[in-house]
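Student: One predicted model, sequence on top.
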Amino acid sequence: MKSKKKWVAWTVALVIATNLLTYFGTKKLSIVLPNGKVIGAQQYGDVSNFQKLFEVRNLIYKLYDGTIDDNVLLEGAIKGMTGALNDPYTVFMNQKEFEAFSTQTEGSYSGIGLQIEVKDDDIVVLSTFEDSPARKVGILPGDIIKNVDGTDVTGKEYQKAISMIKGQEGTTVNVTISRNEKETHTYTVKRAKINLQTVSGEMLPGNMAYIKISMFDEHTADDFSKKLKELKGQGAKGILLDLRQNPGGLLSSSVDVVSNFVSKGKVIVSTVDKYKKEEKHVSKGGIAEGMPLVVLIDGLTASASEIVSGAVRDYKVGTLVGEKTFGKGVVQTLVDTGDGTALKVTVSKYYTPNGENIHKTGIAPDVQVTYPEELLKKAYNRNTDPQFIRAVEVLREKMK
């Protein structure tokens, strides 16, 4: 999940490394946060600790027999610093990577139609868009991306992988995946324009409304409200909400969606940062309070979609059907570092209404139903989807 609010840009030490050493020497570095709080060097360490970095840079210039580009060295140093944190969600993005990242919560982009996330240092395919190039060639949810155009990638190269997969419409990209630790496939995929329609829905027999959310972008909450009103107008008396293979997205969007089912003023999710500052996000109320609700979840239901699932579970406003969720319980924000680059950094943990942080543990369903592996390799058919079938049965019982 990515908070849309951008903090006032504070200096990344290595971005102006040489100037810092020259100007500050062994002085302490203080940084002003957006709330006006000044963080002193007793918490950030001493700039002179980076002396060895500059010594190595000078040795490279003195000894290395080859082309040297300070900008390349600098980017490598910054990426090495964020990579050393061993947090796949904290990354420095160069201009190309930041441009690719920025399209994730916008209306369209050019690529192959994948939604991916990091788990256990692997880049995992959470879902493929309907009629997307990725789905057409046979890439499946759960596949692990190992290589893009001849370059090996792991969770630490998440943003790099995204920028490599996306590209000009009509061009091709080679993607190598590992499947179930048994199979390896390389797909040559032709990029196309991908239009992000995150909300879809329809009426089912028995006055049931089916709504699927593929991710939470800046338009999702409004689109969900419109679809919900439309289906209620058609006679919907119960709701089946499908969050399977949903990688998450904007925290604010997920709060707005689940507010439709939770009484106004109740806490949907709380975030706590390293300074123990807590921020509570409360329900705005909505038009579906008290309606029978069933939510479909699986192992690829992640982040913002787990916020929805956690609130539904803790307030007992619905029944979760499917498999345990992904388990991402941390929040990131963006820091503008200038020149079209950015730092995406984990700033807090989030907690469900009952105070649980689900990071790396996930949320268990109320009704466990496993989706057969063999069905993933076939064209989707709702009539053979055991999770959907069971969810309809549960919703029908709740509507009696």
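Tutor: Nice, thanks for sending it over.
Student: Would you list the phi and psi of Asn180?
Tutor: phi 60, psi 30 (degrees, to the nearest 10).
Student: give me every residue that touches it.
Tutor: By CB atoms under 8 Å, 6 or more residues apart in numbering, the contact list for Asn180 reads 142, 373. In short, each C-beta sits where N, CA and C put it, glycine included.
Student: One more: Thr370?
Tutor: Going by CB under 8 Å, 6+ apart, Thr370 touches 323, 386.
Student: For Arg390, see how far away it is.
Tutor: From Thr370 across to Arg390, the span is 10 Å (CB to CB, to the nearest Å).
Student: what number of residues lie near Val255?
Tutor: Val255: 23 surrounding residues under other CB atoms under 10 Å.
Student: Secondary structure class of it, three-state.
Tutor: On the three-state scheme (DSSP: H, G, I helix; E, B strand; the rest coil), Val255 is labelled helix.
Student: Relative to Ile363, how far out is it?
Tutor: Separation of Val255 from Ile363 (CB to CB) stands at 16 Å.
Student: Make sure Thr176 is indeed in a helix.
Tutor: No: according to three-state DSSP, Thr176 belongs to no helix; its state is strand.
Student: is it in a bridge, and if so with what?
Tutor: Thr176 has these beta-bridge partners by DSSP bridges: Asn147, Thr186.
Student: Assess the claim that it and Thr184 are in contact.
Tutor: Yes: proximity of Thr176 to Thr184 meets the contact threshold set by CB atoms under 8 Å, at 6.7 Å.
Student: shared neighbours of the two, anything?
Tutor: Lys146.
Student: Spell out which residues make up each domain of this structure.
Tutor: Per the record, the chain has its domains at 2-84, 98-194, 197-399, by automatic domain parsing.
Student: What's the mean pLDDT across the first one?
Tutor: Regarding domain 2-84, the rounded mean pLDDT is 63.
Student: again, but for stretch 234-246
Tutor: pLDDT averaged over stretch 234-246 gives 97.
Student: can you pull the buried residues of that stretch?
Tutor: For stretch 234-246, the neighbour count (16 or more other CB atoms under 10 Å) marks 236, 238-246 as buried.
Student: and the helix or strand containing Glu202, which residues are buried?
Tutor: Assigning secondary structure by DSSP states H and E places Glu202 in strand 199-204. Under the neighbour-count criterion of 16+ other CB under 10 Å, strand 199-204 has 199, 201, 204 buried.
Student: Please name every helix or strand in contact with it.
Tutor: strand 208-213, helix 220-233 (3 or more CB pairs under 8 Å, 6 or more residues apart in numbering; DSSP states H and E).
Student: could you check the angle strand 208-213 makes with that strand?
Tutor: Here strand 199-204 runs at an angle of 160 degrees relative to strand 208-213 (axes from the mean of the first three to the mean of the last three CA atoms, to 10 degrees).
Student: average pLDDT for strand 199-204?
Tutor: 96.
Student: Return that strand as CSV; C-alpha atoms alone will do.
Tutor: What follows is strand 199-204, C-alpha atoms only, in CSV (Å, rounded to 0.1, in the frame of the first residue of the first chain):
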residue,chain,number,x,y,z
VAL,A,199,-14.2,-2.6,-10.2
SER,A,200,-16.6,-4.9,-12.0
GLY,A,201,-19.9,-6.4,-10.9
GLU,A,202,-23.2,-8.0,-11.8
MET,A,203,-26.4,-9.5,-10.4
LEU,A,204,-26.5,-13.2,-9.5
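Student: That one - which strands sit beside it in the sheet, and in what orientation?
Tutor: Paired with strand 199-204 in the same sheet, following DSSP bridges, are strand 208-213 (antiparallel).
Student: Low-confidence stretches in this structure?
Tutor: Where the chain drops to pLDDT under 70, the residues are 1-45, 103-108.
Student: Helices along that one, start to end?
Tutor: 17-24, 41-44, 51-63, 70-83, 95-102, 133-137, 158-165, 220-233, 251-258, 304-314, 373-376, 386-399 (DSSP state H).
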